[in-house]
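**Student:** quick check, what structure comes out for this input:
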Amino acid sequence: MKNTVVLFAVMLIAVGFVPAQNESINAADKFAQLKEELPTPNTYRVASGAPGHEYWQQKADYKIDVVLNDEKQTISGTETIVYYNNSPDILDYLWLQLDQNIRKQHSASHKTHTHIFTDKESLRTFRRLHSDFEGGFNIDYVTDGTGASVPFTIVETMMRIDLPKPLQPGGSFTLKLKWWYNINDRMKIGGRSGMEYFEKDSNYIYTIAQFYPRMALYNDIEGWQNKQFLGAGEFTLTFGDFDVKITVPSDHIVAATGELQNASRVLTTEQLVRFKKARKSDTPVFIVTEEEAIDNESGKADGTKTWHFKAKNVRDFAFASSRKFIWDAMAVKLGDRTSMAMSYYPKEGNPLWEKYSTKVVAHTLKIYSEFTFDYPYPQATSVHTKWIGMEYPMICFNGGRPEDDGTYSKRTKYGMLGVIIHEVGHNYFPMIVNSDERQWTWMDEGLNTFLQSLAQNAWERNFLNRRDLDYMIDYMSGNKDTQVPIMTNSESLTHFGENAYAKVTVALNVLRETVLGRELFDYAFKTYANRWKFKNPSPADFFRTMEDASGVDLDWFWRGWFYSIDHVDIELAEVKWYKISTKNPDIEKPFEKAKEASEPVTITVLRNEADLPVRAIEADSTLLDFYDEYDPFDVTAKDSTDYQKYLDKLDGDGLTLIEADANYYQLKFKNIGGLVMPLVLEFEFEDGEKIIERIPAEIWRKNANEILKIFAFDKQLKQVRLDPHKELIDADYSNNTKFAPTAYDKIELTAQRKPTPNPMQLKKKADEMKKTEGADSPTEENQTN
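**Tutor:** Numbers count the residues shown, from 1 in each chain. Down below sits the predicted model:
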């Protein structure tokens, strides 16, 4: 018999060998299909998780002129929006997002923000509590394309535009707006965008986003996604083309979404040469050097410059501006196209930023493209400003600053590398695979953090990770009173980083490494990314695509990891060893005798031996009879006869099983944490060999609390270890290993029962016997002769 695991036990029929497993009350729930939780498929989104043949989405094109006032720290601008109604619906009004309104003094965000004091609090906490900053949009006008006023209503961070007439399917509407707002100081009161002030040289770095009224998303799932922006649930936006002109002080350098249209007007001749060189270079080239940046920041030039950018098929636009910026760039070959990787940073970011940033951007694009699709945009930019990590199409704002003397800690270095990978990675999720951030943070943050982990691993072995595996095990198995499922609305999430980022990463890693395997997972994940690039997927589209493309039912996985707060804690509770009885009395009776002799002697028997050295029948031999000399383990003639009868009833397979003398191990597993998972078992044998056996999670489908499993080997087992390589995220490894028993029990292989003949068979046999008897009877002629 080969040393392989027998994954079924139906060959063995033994009285009392496999105890009946009680039906668990929750096993069916653990493996129930997600029929009620997921929306019904339709012609827009089909059951496979793909866009349907009638899938549609809206479009919004923007033309924006914006002015950055470096003296007053304000943003002002005008914009023209052309909104295209590609839906089958008639729209009576439009909704726009006014996300800057979160900074108004009496916003819902301020009113609903909660905080629990600890023994020590940062200055920023009190600055926020006492802030008198006057933020939020000031809308000067809203008109249609002809300049006629259009009525509007502002509801906190949303604005409703009441259309002069309903917008028909296939129609478009032109909207013009003028607005301004005060720029927030991020270092004092926080924010995804804003400004950082440098006291030494009296300069600013402006990282500007959510700076213009933006079209809300209208789709087949939510209708208008006009849920208020309270601070946690980010942005849900519509794709379109942008034509943006940014007017800044003449000595500022600007980074932005899209491609620079007027480089020859805003760059020096030498900078323009370097820019062209960078487009063909596979290593970073300085376009603005540190020396030039220092010269820029040493004074303030008069006048302004207008930087002109265009971006096609993006969902948003952001920019950064400062006279402090150093700028370097390189080309990145991705499939049949070449994109630019670029970085903008002040001298305070060096030596880290000039050494790593642009190369990390290029690395990220290559790794993410491998697992999704080739990066489709012309450039990806990383901008440095302190204490931040925020993403927009083609541009992101990243922290990670050395000390003033140029030194840095290991945590600063890897924090900077990690945040650049993460924020650049957001170009894929949600900037291209455009999920609803306002509703489901995990769909972009979780998927992106998972890919970030792959990119970090491709960058360096043992990449320092703040939320490592042990951290997440402690979190998932910790206080359940404060936990919520991943499938919780963004504004209601507790433990935001753990739930929306790290737990999703852990779950997808388990799915890739253990449940599906890398080949199936990577194919399915890539299928999802390509199905939904430049579209608006929902959680159901992700879940269904991963199942559809892998061919594996994963409803149990989504239910456990995404809809519950269960954790993994599987106990290997018991290991029992069995062999098949030969039924040979010359073998089995000595075995039973030795087994009985090996049983522990009770304390009473031991003490009686000392207290009663001579018993009555030992003192008077006349009391002895047959049973005092009878040994039930002696082999009798009847035993031998019965053994022969037993052999006669066995078929060839039965005799082969007995002769093989295999070892059968029954393992008991208990599900303590509640999350059903596959079993990954390492069997170590007495000769030192080790093998790994993987069993699908469906083993729990009839009892989610406790299961038994039988394995057969041709050699003796030393020990069993559950989850030997920490891939199940098990909370307690102290109950995962068992040594095999040193003694075994015997089980009887029952002979195959012969079928009872039916009446037709009995009659047919009788008729055949009569014919045979008639043929053998002597005839009259034979008798005469």
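**Student:** nearest residue to Glu592 in space, please, no chain neighbours.
**Tutor:** Take Glu592 and drop its neighbours on the chain: the residue closest to it by CB to CB, 6 or more residues apart in numbering is Phe633, 6.2 Å away. To be clear about C-beta, it is placed using only N, CA and C from the backbone, and glycine gets the same treatment.
**Student:** give me every residue that touches the one you found.
**Tutor:** 589-590, 592-593 (CB atoms under 8 Å, 6 or more residues apart in numbering).
**Student:** by neighbours, which of the residues you listed wins?
**Tutor:** Counting by other CB atoms under 10 Å, Lys589 has the largest number of neighbours within those, with 17 neighbours.
**Student:** dig out what Asn182 forms beta bridges with.
**Tutor:** Thr74 (DSSP bridges).
**Student:** neighbours of Pro376, just the number please.
**Tutor:** Neighbours of Pro376 using other CB under 10 Å come to 17.
**Student:** look up how far Asn457 lies from Phe463.
**Tutor:** According to CB to CB, to the nearest Å, Phe463 and Asn457 sit 6 Å apart.
**Student:** buried residues, stretch 478-490. List them.
**Tutor:** Buried positions in stretch 478-490, judged by neighbour count with 16 or more other CB atoms under 10 Å: 483, 485-488, 490.
**Student:** what sits against Thr74?
**Tutor:** 68, 180-183.
**Student:** related to what we said a few turns ago, who has more neighbours, Phe463 and Asn457?
**Tutor:** Neighbours around Phe463 and Asn457, counted as other CB under 10 Å, are more numerous at Phe463. The numbers are 16 against 13.
**Student:** quick check on the more buried one: phi, psi?
**Tutor:** In terms of degrees, to the nearest 10, the main-chain angles of Phe463 are phi -60, psi 130.
**Student:** please name the nearest non-neighbouring residue to it.
**Tutor:** Gln456 (4.1 Å).
**Student:** so what does the one you found look like in phi/psi?
**Tutor:** Dihedral angles (degrees, to the nearest 10) for Gln456: phi -60, psi -40.
**Student:** that one and Lys413: what is the separation?
**Tutor:** 13 Å.
**Student:** the residue nearest to Phe463 and Gly418 touch, don't they?
**Tutor:** Yes. Using CB atoms under 8 Å, Gln456 is in contact with Gly418, at 6.5 Å.
**Student:** overlap in contacts of those two?
**Tutor:** In contact with both Gln456 and Gly418: 463, 465, using CB under 8 Å, 6+ apart.
**Student:** tell me how far Ile208 lies from Glu297.
**Tutor:** For Ile208 relative to Glu297 (CB to CB), the value is 19 Å.
**Student:** show residues contacting stretch 739-752.
**Tutor:** 12-15, 17, 575-581, 583, 588, 591, 595, 598, 646, 649-651, 654, 657-658, 663-665, 716-720.
**Student:** neighbours around Ser281, how many?
**Tutor:** Ser281 is flanked by 15 other residues according to other CB under 10 Å.
**Student:** no wait, Ile421
**Tutor:** Here the number of neighbours of Ile421 (other CB under 10 Å) works out to 28.
**Student:** what about it, which SS state?
**Tutor:** Ile421 falls in the helix class when you classify it by DSSP: H, G, I helix; E, B strand; the rest coil.
**Student:** from Glu391, how far off is it?
**Tutor:** 11 Å.
**Student:** rewinding a little: among the contacts of Phe633, which are in helices?
**Tutor:** Those of those mapping onto helices are 589-590, 592-593, per DSSP state H.
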